[in-house]
Structures are given as C-alpha cells and as structure tokens.
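Enquirer: here are the coordinates; sequence isn't available:
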Ligand code: PGA
C-alpha cells in the first residue's frame with residue numbers, strides 16, 4: 001500500500017519531499033531523479049534548493065513533453081524544467097533529459113533506452129491531473145505502456161490553458177513516459193494540493209486499480225509515498241488511519 005502523509009500545506013509537503021530527495025543524493029551524488037513539471041513540484045524544488053546541496057552530478061529525467069511546440073517555447077517542458085528545476089537546483093543541463101525531439105516516431109524508444117542506460121530512476125516525483133493522469137497518461141493508458149506519443153484530453157488542455165495565451169494554443173499531443181516506465185522507478189512520490197485534486201487522489205489511492213484512473217497504477221508499486229495537503233486529502237476514506245500511522249511511525253523508518 002502506498003504510504004499517505006497529510007500535512008497542513010504545500011510548503012510542508014515540499015519540505016518533506018525535499019528532505020527525502022536530499023537523503024537520496026547524499027547517499028548517491030549521481031542519483032537519478034524523475035522530474036515533474038506543472039505547479040505541484042514547485043514547493044519541493046524550492047525547499048530542495050534552499051538546502052544548498054551540490055546537485056551538479058545528479059541525473060534527471062522529465063516525465064513528459066508537449067509535441068508540436070517550437071523549440072525553446074517558454075511553455076515547452078524543456079524550458080519549464082530548465083527554469084524551475086535545473087537553474088534553481090544547480091543541476092547540470094546536459095545531465096537532464098526531456099522526452100521528444102526529432103524524429104518523434106522513435107523518440108519514445110530512445111528515451112526508454114536512455115532510462116535503462118542510466119540504471120533507472122531512483123525517485124520519481126509525480127503530480128496527478130484531475131483526469132487521474134500521471135505523467136500525461138490519460139484514462140485508458142495501459143499499465144504496461146512505455147514512452148510514447150499520446151493525445152491530451154480536452155480536460156487537461158483546459159487545465160493547462162492557464163500557462164498559454166489561450167486554450168487553442170495548448171498542444172493536442174504530448175510524449176510521455178508510460179505507466180510501465182513510471183512503475184520501474186524505485187520509489188514513487190506523488191504530490192497533490194488543493195480540493196480540485198481530491199477526487200483524483202482518492203481514486204488513485206483507494207479506488208479500483210483501473211486504466212480508467214491511470215494514477216491507480218501506483219497501487220501496483222511496492223514503494224509509494226503520497227504527500228498531500230489537507231484539501232487534496234479531503235475525499236480519502238481512510239484519512240484518519242493515515243494520520244495515525246504517520247503520527248505513530250517509528251522515527252528510524254523514514255519515508
Ligand atoms: P499541476 O498538474 O501540477 O499543474 O496541477 C499536475 C498534472 O497535471 O499532472
């Protein structure tokens with residue numbers, strides 16, 4: 001089962017996630033981190049940057065990227081990762097990979113090869129969309145899927161329109177690590193904030209394991225930490241139990 005930790009706000013979650021990432025990097029300076037984009041990981045990146053660790057040997061793999069944006073577009077995930085993770089954290093740009101590129105037909109296989117060559121992801125940071133997507137694996141994605149081009153749902157395009165000049169500017173396609181790819185990471189850390197995510201979180205953590213909620217794939221993974229603020233946890237049936245388990249957790253266990 002996933003370990004669910006409910007904290008007062010996104011800053012508290014970011015601090016906890018940053019502590020976990022820091023402990024992984026202290027043990028292994030060239031650790032492989034799975035990087036997420038969107039609003040969700042920002043408090044984690046901020047808290048990790050504030051710890052002042054040398055992260056120059058860390059290797060990073062982004063979860064996903066839009067397909068169809070011009071190179072260097074400020075909302076391309078390459079640009080977002082550079083701005084929000086690489087620069088503030090002091091990562092080495094050449095050690096941080098984002099899927100995509102030319103030719104797009106083989107970009108998914110290339111990315112899978114690069115992940116395998118790097119020895120796999122030590123800790124994968126995940127957000128979750130209101131559709132239940134992780135990465136850009138929208139409902140119906142196979143649990144065995146690997147990195148490939150997908151079509152975004154209209155719901156996701158609407159949610160992401162806030163980053164663009166208008167809803168029509170949001171690309172229709174993306175390239176994303178598959179659910180099978182994500183499940184190979186050694187530790188999954190799913191973060192979610194706000195009431196708008198509450199239903200998706202409850203479906204992912206407590207609902208049936210189903211391709212209709214891609215986030216429910218986390219239930220198949222042996223090591224998952226789900227770190228939530230109170231509103232994102234508000235639809236969980238067993239919230240009291242999660243709180244109690246966290247409060248009573250032996251200090252030596254960590255996340
Ligand atoms: P958000 O997106 O972090 O911007 O809420 C999460 C997601 O869609 O996976």
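Expert: Perfect, thanks for sending it. This is a predicted model, so every value here is computed, not measured. Residues are numbered from 1 along each chain as shown.

Enquirer: so who does residue 193 touch?
Expert: 9, 10, 13, 39, 40, 228, 229, 231, 232 (CB atoms under 8 Å, 6 or more residues apart in numbering). Yep, even glycine has a C-beta here, placed from its N, CA and C like the rest.

Enquirer: ditto for residue 124
Expert: 33, 34, 63, 182, 185, 187, 188, 189.

Enquirer: now these in TSV, with neighbour count and distance to residue 110?
Expert: Formatted as TSV, the contacts of residue 124 follow (neighbours: other CB atoms under 10 Å; distance: CB to CB, whole Å):
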residue	neighbour count	distance to residue 110
33	24	20
34	25	17
63	29	16
182	26	17
185	24	18
187	18	25
188	23	23
189	24	26
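
Enquirer: columns secondary structure and distance to residue 237 on top of these, output as JSON lines?
Expert: Listed next are the contacts of residue 124 as JSON lines, based on DSSP: H, G, I helix; E, B strand; the rest coil; distance: CB to CB, whole Å:
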{"residue": "33", "secondary structure": "strand", "distance to residue 237": "32"}
{"residue": "34", "secondary structure": "strand", "distance to residue 237": "28"}
{"residue": "63", "secondary structure": "coil", "distance to residue 237": "28"}
{"residue": "182", "secondary structure": "helix", "distance to residue 237": "24"}
{"residue": "185", "secondary structure": "coil", "distance to residue 237": "27"}
{"residue": "187", "secondary structure": "coil", "distance to residue 237": "25"}
{"residue": "188", "secondary structure": "strand", "distance to residue 237": "21"}
{"residue": "189", "secondary structure": "strand", "distance to residue 237": "22"}
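
Enquirer: quickly check: the helix or strand bottoming out on mean pLDDT in the chain near the ligand or not.
Expert: Ranked by mean pLDDT, DSSP states H and E, the weakest helix or strand in the chain is helix 154-160, scoring a mean of 94. No: Helix 154-160 lies apart from the ligand when judged by CB under 6 Å from any ligand atom; the minimum separation is 6.5 Å.

Enquirer: max pairwise distance over the contacts of residue 124: which two?
Expert: 63 and 187 (14.8 Å; CB to CB).

Enquirer: circling back to that earlier point, pick the one among the contacts of residue 124 closest to the ligand.
Expert: residue 63 (8.2 Å; CB to the nearest ligand atom).

Enquirer: quick check: phi and psi at the closest one.
Expert: For residue 63, the backbone dihedrals are phi -80, psi -40 (criterion: degrees, to the nearest 10).

Enquirer: how near is residue 85 to residue 98?
Expert: Per CB to CB, to the nearest Å, residue 85 is found 11 Å from residue 98.

Enquirer: quick one, which of the two is more surrounded?
Expert: residue 85 (25 against 22; other CB atoms under 10 Å).

Enquirer: tell me how many other residues crowd the spatially closest residue to residue 61 that is not a sequence neighbour.
Expert: Excluding its sequence neighbours, the residue lying closest to residue 61 (CB to CB, 6 or more residues apart in numbering) is residue 97, at 5.1 Å. Residue 97 is flanked by 19 other residues according to other CB under 10 Å.

Enquirer: ramachandran coordinates for residue 97?
Expert: phi -100, psi 140.

Enquirer: check residue 192 too.
Expert: phi -150, psi 140.

Enquirer: for residue 226, same thing?
Expert: According to degrees, to the nearest 10, residue 226 has phi -110, psi 110.

Enquirer: from residue 15, how far out is it?
Expert: 16 Å.

Enquirer: about what we covered before: ok, and which of the contacts of residue 193 reach the ligand?
Expert: Of the residues in the contacts of residue 193, proximity to the ligand by CB under 6 Å from any ligand atom holds for 39, 40.

Enquirer: quick one, what contacts the residue of the chain found nearest the ligand?
Expert: Nearest residue of the chain to the ligand (CB to the nearest ligand atom) works out as residue 38 at 2.7 Å. When contacts are counted by CB under 8 Å, 6+ apart, residue 38 touches residue 127.
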